[in-house]
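In: Sequence first, predicted model second:
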Amino acid sequence: MKKETLFVIAIAFCALLSCNKKSNATKETLTKDDVPTQYQGIMQPGSLQLKNDSVTMALYPSAPMYYLDLRLKGSSGYYALLKQATQKNIPVRIWVFKEDKSPIEVAKVEPVSDEELLQWKKAESPREQ
């Protein structure tokens, strides 16, 4: 093949790939409506690590690692809430998908009520003797 022909094929291939990316956005396009969830409890997020389309995190006082798939609908709002809770050093309510895998996938994140926050801080502070 001539160099010109290879060049045209290469440009056509790149154009095809770029068109494909536009029509298949990866952010918030998935749903998991068929997977049951369970309430995990009030937990404090820590060490959020963003990599590709997911966020790996620790949720205290739980021992296992958790992750949030940023391709799921609504997950960007959950990620913003997790970042805010980490910065303010406050807990959040966590729901997870009931699947047998590790790390555990976070399904939903909600802020805690003012009363729950007071109880959390009271339990966290050292007891006076």
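Out: Now that the structure is in, tell me what you want to look at.

In: what about the spatially closest residue to residue 30 that is not a sequence neighbour, how many residues close to it?
Out: Excluding its sequence neighbours, the residue lying closest to residue 30 (Cβ to Cβ, 6 or more residues apart in numbering) is residue 71, at 4.7 Å. Any C-beta I mention is one placed from the backbone N, CA and C, and that applies to glycine too. Applying other Cβ atoms under 10 Å, we find 16 residues neighbouring residue 71.

In: ok, residue 71 touching residue 32?
Out: No: the criterion here is Cβ atoms under 8 Å, and residue 71 misses it with residue 32 at 10.2 Å.

In: which strand in this protein runs the most residues?
Out: strand 37-51 (DSSP state E).

In: Strand 37-51 and the very next helix or strand once past that one, what's the angle between them?
Out: Next helix or strand after strand 37-51 toward the C-terminus (DSSP states H and E): strand 54-60. Comparing the axes of strand 54-60 and strand 37-51 via axes from the mean of the first three to the mean of the last three Cα atoms, to 10 degrees yields an angle of 120 degrees.

In: same for the helix or strand following strand 54-60, what does it pack against?
Out: Sequence order places strand 65-69 as the next helix or strand after strand 54-60, per DSSP H and E. Here strand 65-69 touches strand 54-60, helix 75-88, strand 104-111, going by 3 or more Cβ pairs under 8 Å, 6 or more residues apart in numbering; DSSP states H and E.
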